[in-house]
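**Q** After the sequence you'll find the predicted model.
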Amino acid sequence: MKTKAFDRFLKDPAAASCGCGDGCCGTPKNPAVETQLKTGTSPVPLSPAKAPWIIGQTAGPAGDIPLVSTRLRFADRAGACRARWGVGRMRYSVPPGLYGFGRPDKFSPVFVTANYKMSFDLVRSALAGRDGWILVLDTRGINVWCAAGKGTFGTEELVRRIGETGLAGVISHRTLILPQLGAPGISAHEVSQQTKFRVVYGPVRVEDLPAFLEAGSKADPAMRKARFGFRDRIILTPIEIVGVITHRAFLAALVLWLIGLAGIDFLRFDFPAVLGAVLIGGVLVPAFLPWIPGRAFSLKGWILGAAWAAAVFFLRGGPPISLGGWAGALSLWFILPALSAFLAMNFTGSSPITSLSGVVKEMRTAVPLILLSSVLGAVSLVLSMILKS
């Protein structure tokens, strides 16, 4: 059994390796971004008047180079918070190009990042008290890891940006420091052949950049390790929840529940139970990911969803007497675990511990089962409504 969504996934498997449509970017899938990726158009640049983080400029061979502050303002932190919740996310970007911080000169290091503003802010704030350059690639407002999977944080864009900014005339050395998670999109030897610049991969986490520089631009094993602790996981959950509660199906379920509360029993729908399954799959599974049995994310979600269905079953009074009551109970057992399993599986795109092959394998098994369970749940729900009417 296959679905159109599953077929689209197989045609664009890079999305699974980086979760470009999920929390790792802090971005939901958006038709405007997909159009930009296909057409190569860039997001509208910010004007200096709307970019208070630009505090000056210095002359460069290709024009004036903006100098940026390494101190994040309240507006920067508030913007990041809004982006985490999906508010204005598709406009949260900075113009691609070359920026300086501190008192950069021709000997200062060059750091490469994406034009997703949260990525840009993390880099400049981590380098407070230092001098250097930041080369920002046009990734259509997508972060480094996701853009590397999509190909926008790639060799072609890096080579083009080096030439357009006149970087060779700004610095005397020929070394670029790239984020390690951007490596899938960059061919270091091709960059060297085309530009004579050498690519050095920095640490996984931006806060390790100072230690990396102090060690002579060398990363120890700890810096190469992709950590995915509780804070890393829980900070990605808001965008997961927003994507669900703004979906038409979720809103339709809410409307049916409200109509049922108004006294139309035929349309009565157990919305609180559905909301619980959403919170389980979108929040509890990411939060307690390492401690839930099973390897597949969908299985973890199904386990907690089944436990929630059992809790709802007994909270609603236990075994029903009527046939319609049994049909309604079965709908909970089919729908709630399927919903939490789907949302948990969706979180694979936000996790650095998953692989492309592993995600494809899990989806081949989980998607048909989730779809089948959902259909059986819908049939049971409609049957229960008919029998109770």
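**A** Looks like it came in fine. None of these values were measured; they are calculated from a predicted model.

**Q** pretty sure Ile370 contacts Ala344?
**A** No - with contact taken as Cβ atoms under 8 Å, Ile370 and Ala344 are classed as non-touching, separated by 10.3 Å. Backbone N, C-alpha and C define where each C-beta goes, glycine included.

**Q** Quickly list what's touching both of these two.
**A** Residues touching both Ile370 and Ala344 (Cβ atoms under 8 Å, 6 or more residues apart in numbering) are Ser298.

**Q** And those two? Which one has more around it.
**A** In this comparison of Ile370 against Ala344, neighbours counted by other Cβ atoms under 10 Å, the higher total goes to Ala344 at 30 against 22.

**Q** tell me which element that one is part of?
**A** Assigned by DSSP states H and E, Ala344 belongs to helix 323-346.

**Q** now that helix: mean pLDDT?
**A** Over the span of helix 323-346, the pLDDT mean works out to 87.

**Q** Show me what that helix is packed against.
**A** With contacts defined as 3 or more Cβ pairs under 8 Å, 6 or more residues apart in numbering; DSSP states H and E, the secondary structure elements packing on helix 323-346 are helix 237-245, helix 271-279, helix 285-287, helix 297-315, helix 356-388.

**Q** hmm, 10 Å instead?
**A** helix 237-245, helix 248-261, helix 271-279, helix 285-287, helix 297-315, helix 356-388 (3 or more Cβ pairs under 10 Å, 6 or more residues apart in numbering; DSSP states H and E).

**Q** Please identify the buried residues of it?
**A** Judged by neighbour count (16 or more other Cβ atoms under 10 Å), helix 323-346 contains these buried residues: 324-346.

**Q** One more: stretch 291-306?
**A** Within stretch 291-306, the residues that qualify as buried are Ile292, Ala296, Phe297, Ser298, Leu299, Lys300, Gly301, Trp302, Ile303, Leu304, Gly305, counting by 16+ other Cβ under 10 Å.

**Q** cool, stretch 185-205 as well?
**A** For stretch 185-205, the buried set under the neighbour-count rule, 16+ other Cβ under 10 Å, comprises 185-188, 191, 194-195, 197, 199-205.

**Q** Filter those down to the ones in helices?
**A** With helices taken from DSSP state H, the overlap with these comprises Ala188, Val191, Gln194, Thr195.

**Q** What's opposite the residue nearest to the second one when sequence neighbours are not counted in the beta bridge?
**A** Among residues not flanking Val191 along the chain, Val199 sits closest, at 5.5 Å (Cβ to Cβ, 6 or more residues apart in numbering). Beta-bridge partners of Val199, counted by DSSP bridges, are Leu176.

**Q** how close does Val199 get to Met223?
**A** As for Val199, its distance to Met223 is 17 Å (criterion: Cβ to Cβ, to the nearest Å).

**Q** With Arg124 instead?
**A** According to Cβ to Cβ, Arg124 and Met223 sit 19 Å apart.

**Q** between these two, which one's more packed in?
**A** Neighbours around Arg124 and Met223, counted as other Cβ under 10 Å, are more numerous at Arg124. The numbers are 24 against 17.

**Q** what mean pLDDT would you report for the helix or strand containing the more buried one?
**A** Taking DSSP H and E as the definition, one finds Arg124 inside helix 117-126. Across helix 117-126, the average pLDDT comes to 96.

**Q** other SSEs contacting that helix?
**A** For helix 117-126, the elements it packs on are strand 65-68, helix 74-84, strand 97-101, strand 110-114, strand 132-137, helix 144-150, helix 209-214, judged by 3+ Cβ pairs under 10 Å, 6+ apart.

**Q** closest to Arg233 out of these?
**A** For the helices and strands packed on helix 117-126, the distance to Arg233 is smallest for helix 74-84, at 13.1 Å, taking Cβ to Cβ.

**Q** hmm, who's touching that closest one?
**A** 23, 25-27, 52-53, 69, 72-73, 87-92, 116-118, 120-122, 124-125, 141, 235-239, 242 (Cβ atoms under 10 Å, 6 or more residues apart in numbering).

**Q** Only whichever of those are buried, select them in PyMOL.
**A** A single PyMOL command is used to select the members of the contacts of helix 74-84 judged buried by 16+ other Cβ under 10 Å:
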select buried, resi 23+25+26+27+53+69+72+89+90+92+116+117+118+120+121+122+124+125+141+236+237+238+239+242
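
**Q** which residues does Glu164 contact?
**A** Contact partners of Glu164, counting by Cβ under 10 Å, 6+ apart, are Ala62, Pro96, Gly97, Leu98, Asp138.

**Q** same check, this time on Val278
**A** Shown in contact with Val278 (Cβ under 10 Å, 6+ apart): Glu240, Ile241, Val244, Ile245, His247, Phe250, Ala253, Leu336, Leu339, Ser340, Leu343.

**Q** Distance check, it against Trp308.
**A** When Val278 is compared with Trp308 (using Cβ to Cβ), they lie 10 Å apart.

**Q** Span of stretch 109-122 from start to end?
**A** One end of stretch 109-122 sits 17 Å from the other (Cα to Cα, to the nearest Å).

**Q** Any idea which helix or strand in this protein has the lowest mean pLDDT?
**A** helix 14-18 (a mean of 34; mean pLDDT, DSSP states H and E).

**Q** Which secondary structure state is assigned to the closest residue to Thr70 other than its chain neighbours?
**A** Leaving aside its sequence neighbours, Thr70 sits nearest to Ala128 (Cβ to Cβ, 6+ apart; 4.0 Å). Of the three states, Ala128 takes coil according to DSSP: H, G, I helix; E, B strand; the rest coil.

**Q** For Ala128, give its distance to Ile54.
**A** Per Cβ to Cβ, Ala128 is found 16 Å from Ile54.

**Q** Cool, thanks, signing off.
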